[in-house]
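> got a predicted model here, sequence first, then my questions.
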Amino acid sequence: MPADFDDPDYDYAASIAGRAMRSMAEQRIPSTPSNFAIWFQYFAGDHDDLRNAVDLLIDHNRPFDSRTNQDLFETYIAPQVSAAVAADTSERLHAVMGAAKEFLTTAIADNRSQMQVISQVADQGKAGVDPKALVAQLMNELARAATRATRLEAGFAEKTRELDVIRDSLSRSEERARTDTLTGLANRRALDEFLRKAQTTAEWGEPLSVLLLDIDHFKTFNDNFGHGVGDQVLRLMAKVLREKVRTQDLPARYGGEELIAVLPDADLATCAELAERIRYAIAECTITRRSTGETLPSITVSIGVAQYRAGEAATDLIERCDRALYLAKGGGRNRVVTEVELERAGAAG
């Protein structure tokens with residue numbers, strides 16, 4: 001439908017959009033849909049938390065790099081999108097349920113009508129009415145019933161297709177809610193859910209291990225080559241992690257440049273061996289800057305590994321991984337350190 005250029009709502013939206021685009025240009029922010037959504041909401045003035053966050057960044061002369069833009073979108077815009085999707089889905093589902101109820105009510109009424117006609121024909125047959133007339137009457141009623149049944153079947157088929165669309169929409173929405181947008185790995189919400197389930201299974205005696213990975217000198221890399229290249233590197237690390245873990249494992253983004261993998265049914269030695277393969281694969285990667293074709297310095301990672309202990313909190317398990325990780329960094333980086341080495345270092349200290 002063509003836009004009504006005399007509509008004040010259109011004029012207002014166009015004004016807000018213009019201000020958003022000008023500010024994005026001044027801040028040198030790429031005009032992606034997610035970035036535009038941030039600044040449109042900012043100038044619309046309906047989101048105080050977003051406005052305060054953006055104003056704080058501007059006041060402190062903080063750059064609106066890709067990481068900052070992503071955090072703003074996921075914190076302030078994505079929840080609104082999810083809520084809108086949920087509301088729209090709920091409305092569509094109610095409409096389909098209402099139509100299905102109407103179809104069933106019609107079908108029940110038609111069946112009752114058909115039974116009444118058949119009962120009347122039976123009574124007429126007992127009364128000696130001409131059989132030919134009764135057969136013709138039955139044929140007419142069956143033809144009408146078949147037509148009604150075809151119409152109902154088509155209606156149900158259409159609503160079934162609508163339910164399939166709603167189901168797919170819900171699945172995609174749920175997947176987005178559980179996925180980190182930058183790396184494509186599971187996010188913290190999905191990680192927490194998976195870890196809780198794995199922890200429950202581990203209480204029955206199955207081993208459970210975790211590895212925590214951090215990119216060495218990543219801040220220096222970002223400072224030298226920019227956050228856009230840094231994001232490219234982080235996506236590459238995520239790709240290596242995803243390819244190296246087993247199908248039953250969960251690779252996830254833990255935060256910043258830290259990635260994590262939860263390994264059900266894997267003891268400390270198995271997890272450490274996998275961590276070493278990941279470390280080696282990343283060290284062997286060649287990273288090329290997309291904009292120039294320039295080959296960038298090699299990236300290495302430090303990894304901490306720990307195994308779940310019965311009865312402990314998941315936070316304690318990850319905290320041991322974190323301490324082992326920083327022992328690896330303190331020991332020269334580009335290495336894997338397990339909780340066993342952590343305990344030895346503690347005893348020696």
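Structure's in. What do you need?
> from now on I want contacts and neighbour counts done on CA atoms only, so please keep to that.
OK.
> let me see the ranges of the helices in the stretch 151-300 of the chain.
Counting by DSSP state H, counting those that start in this stretch, the stretch 151-300 of the chain forms helices over residues 188-202, 218-225, 227-244, 268-283, given from the N-terminal end onward.
> between those, which gets the lowest average pLDDT?
For those, mean pLDDT drops lowest on helix 218-225, to a mean of 86.
> how about that one as PDB, C-alpha atoms only?
Presented in PDB, the C-alpha positions along helix 218-225 are these (Å, rounded to 0.1, in the frame of the first residue of the first chain):
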ATOM      1  CA  PHE A 218      43.300  -9.400  22.200                       C
ATOM      2  CA  LYS A 219      43.100  -5.800  23.400                       C
ATOM      3  CA  THR A 220      46.400  -5.000  21.700                       C
ATOM      4  CA  PHE A 221      45.200  -6.700  18.600                       C
ATOM      5  CA  ASN A 222      42.000  -4.600  18.600                       C
ATOM      6  CA  ASP A 223      44.000  -1.400  19.300                       C
ATOM      7  CA  ASN A 224      46.300  -2.100  16.300                       C
ATOM      8  CA  PHE A 225      43.800  -3.300  13.700                       C
END
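> tell me the angle that helix makes with helix 227-244.
130 degrees (axes from the mean of the first three to the mean of the last three Cα atoms, to 10 degrees).
> just checking, what packs against helix 218-225?
Secondary-structure packing of helix 218-225 (3 or more Cα pairs under 8 Å, 6 or more residues apart in numbering; DSSP states H and E): helix 227-244.
> give me the phi and psi for residue 247.
phi -60, psi -30 (degrees, to the nearest 10).
> can you lay out the helices of the stretch 151-300 of the chain as a markdown table showing distance to residue 320 and mean neighbour count?
Compiled in a markdown table, these are given as follows (distance: least, Cα to Cα, whole Å; neighbours: other Cα atoms under 10 Å):
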| stretch | distance to residue 320 | mean neighbour count |
| --- | --- | --- |
| helix 188-202 | 15 | 16 |
| helix 218-225 | 22 | 14 |
| helix 227-244 | 20 | 19 |
| helix 268-283 | 12 | 19 |
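> of those, which is nearest residue 30?
Residue 30 lies closest to helix 227-244 among the helices of the stretch 151-300 of the chain, at 11.3 Å (Cα to Cα).
> other residues contacting the closest one?
65-67, 182-185, 218, 221-222, 251, 257, 259, 261, 274, 277-278, 281-282, 287, 289 (Cα atoms under 8 Å, 6 or more residues apart in numbering).
> just the CA atoms of that helix, as PDB, please.
Coordinates of the C-alpha atoms in helix 227-244 are reproduced here as PDB (Å, rounded to 0.1, in the frame of the first residue of the first chain):
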ATOM      1  CA  HIS A 227      37.400  -3.800  16.500                       C
ATOM      2  CA  GLY A 228      36.000  -4.900  13.100                       C
ATOM      3  CA  VAL A 229      39.000  -7.100  12.500                       C
ATOM      4  CA  GLY A 230      38.800  -8.100  16.200                       C
ATOM      5  CA  ASP A 231      35.300  -9.300  15.600                       C
ATOM      6  CA  GLN A 232      36.400 -11.300  12.500                       C
ATOM      7  CA  VAL A 233      39.100 -13.000  14.700                       C
ATOM      8  CA  LEU A 234      36.500 -13.800  17.300                       C
ATOM      9  CA  ARG A 235      34.200 -15.400  14.700                       C
ATOM     10  CA  LEU A 236      37.100 -17.500  13.500                       C
ATOM     11  CA  MET A 237      37.900 -18.700  17.000                       C
ATOM     12  CA  ALA A 238      34.200 -19.600  17.400                       C
ATOM     13  CA  LYS A 239      34.300 -21.600  14.200                       C
ATOM     14  CA  VAL A 240      37.400 -23.600  15.300                       C
ATOM     15  CA  LEU A 241      35.800 -24.300  18.700                       C
ATOM     16  CA  ARG A 242      32.500 -25.400  17.000                       C
ATOM     17  CA  GLU A 243      34.400 -27.700  14.600                       C
ATOM     18  CA  LYS A 244      36.600 -29.300  17.300                       C
END
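> got the angle for that helix vs helix 268-283?
Between the axis of helix 227-244 and that of helix 268-283 there is an angle of 140 degrees, by the same axes, to 10 degrees.
> how about the helices of the stretch 151-300 of the chain in JSON lines, adding distance to residue 12?
Supplementary listing: the helices of the stretch 151-300 of the chain in JSON lines, determined by distance: least, Cα to Cα, whole Å:
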{"stretch": "helix 188-202", "distance to residue 12": "37"}
{"stretch": "helix 218-225", "distance to residue 12": "39"}
{"stretch": "helix 227-244", "distance to residue 12": "34"}
{"stretch": "helix 268-283", "distance to residue 12": "50"}
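> what's the closest of those to residue 13?
Distances from residue 13 to each of those were compared by Cα to Cα, and the smallest falls on helix 227-244, at 30.7 Å.
> the residue nearest to residue 206 when sequence neighbours are not counted and residue 213, how far apart?
Distances taken as Cα to Cα, 6 or more residues apart in numbering put residue 265 closest to residue 206, at 5.7 Å, once the chain neighbours are dropped. Between residue 265 and residue 213 the distance, using Cα to Cα, to the nearest Å, works out to 20 Å.
> same deal with residue 53?
As judged by Cα to Cα, residue 53 and residue 213 stand 30 Å apart.
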